[in-house]
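Q: Below: sequence and its predicted model.
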Amino acid sequence: MHKIKTAVLISGRGSNMMAILKATQNNDYPAKLNIVISNKPSAEGLKKAEEFGIKTVVLDHKAYKNRHKFEKDLDAHLRASKIQIVCCAGFMRILSPWFVKRWEGKLLNIHPSLLPKYKGLNTHKRAIESGDTIHGCSVHFINSELDSGKIVLQKSIEILSDDTPQSLSERLLIKELEAYPQALKKIANELIYSK
Ligand code: GRF
């Protein structure tokens with residue numbers, strides 16, 4: 001079976017990356033995880049990926065003179081591994097229009113809100129403070145505006161009366177870990193069948 005070569009970009013814990021990794025171990029899954037790239041040398045997710053024999057690369061953004069040089073290197077690593085889909089998963093760098101254009105239609109992100117609500121940070125706190133009863137996560141394409149690209153898949157949960165941002169984020173993470181592998185499967189299949 002032809003599998004879509006995939007990269008996951010992380011900055012931290014890497015639980016979404018692990019959910020994708022586990023999904024890719026299924027023979028019928030249409031994508032393969034070829035490389036995990038972190039902009040933070042200390043990202044916990046790096047070790048987890050290595051334990052599963054996945055290639056990891058650290059591109060410490062602080063070591064680069066500017067964003068473009070960092071992104072040129074990131075792009076070069078992705079192309080060297082012949083990557084077809086890039087999944088940002090807790091990747092805490094904003095990507096420039098130059099990079100986004102180069103990976104248009106192949107660049108996904110997971111955001112912990114029901115977009116278009118609560119773009120940016122502190123989504124759980126903002127949902128609780130707005131009195132929302134439903135919260136969720138969105139897997140979406142990245143375009144040149146923050147958290148604004150086409151939505152691939154959303155999952156929602158109820159906000160309970162005693163929820164804190166912490167408890168809400170913990171419950172939502174369970175949904176995120178289902179959502180990202182499902183969304184990647186959908187996009188990878190689309191790519192396979194469009195050929
Ligand atoms: C997730 O909640 C994701 O929605 C947000 O950052 C978190 C990353 O967690 N953008 P992890 O690194 O995948 O564990």
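A: The structure has been received and is ready for your questions. Residues are numbered from 1 along each chain as shown.
Q: which bits of this structure sit near the ligand?
A: 10, 12-17, 45, 89-90, 110-112, 137, 173, 176 (Cβ under 6 Å from any ligand atom). No exception for glycine: its C-beta is placed from N, CA and C like everyone else's.
Q: Would you pull up the residue in this protein closest to the ligand?
A: The ligand sits closest to residue 90 of the chain, with a gap of 2.6 Å, by Cβ to the nearest ligand atom.
Q: which residues touch that residue?
A: 10-17, 45, 110 (Cβ atoms under 8 Å, 6 or more residues apart in numbering).
Q: quick one: which of the residues of the chain next to the ligand sit in strands?
A: 10, 110-111, 137 (DSSP state E).
Q: With pLDDT as extra columns, can I get these in a markdown table?
A: Below are these laid out as a markdown table (pLDDT from 0 to 100):
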| residue | pLDDT |
| --- | --- |
| 10 | 98 |
| 110 | 97 |
| 111 | 97 |
| 137 | 98 |
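Q: pLDDT averaged over the helix ranked longest in the chain - what is it?
A: Ranked by residue count under DSSP state H, the longest helix found in the chain is helix 165-193. In this model, helix 165-193 carries a mean pLDDT of 97.
Q: tell me which residues of it are tucked away?
A: By neighbour count with 16 or more other Cβ atoms under 10 Å, helix 165-193 contains the buried residues 168-169, 171-172, 175-177, 179-181, 183-185, 187-188, 191.
Q: Equivalent analysis for stretch 110-117, please.
A: 110-115, 117.
Q: cool, stretch 79-92 as well?
A: 81, 83-91.
Q: Now do the helices in the chain.
A: Counting by DSSP H, the helices of the chain are 15-24, 44-51, 67-80, 97-102, 123-129, 165-193.
Q: Could you dump those into JSON lines with distance to residue 145 added?
A: Shown next, in JSON lines, are the helices of the chain (distance: least, Cβ to Cβ, whole Å):
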{"stretch": "helix 15-24", "distance to residue 145": "22"}
{"stretch": "helix 44-51", "distance to residue 145": "26"}
{"stretch": "helix 67-80", "distance to residue 145": "17"}
{"stretch": "helix 97-102", "distance to residue 145": "9"}
{"stretch": "helix 123-129", "distance to residue 145": "17"}
{"stretch": "helix 165-193", "distance to residue 145": "19"}
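Q: circling back: tell me which of the buried residues of stretch 79-92 is nearest to residue 163?
A: Closest approach between the buried residues of stretch 79-92 and residue 163, by Cβ to Cβ: residue 90, at 21.2 Å.
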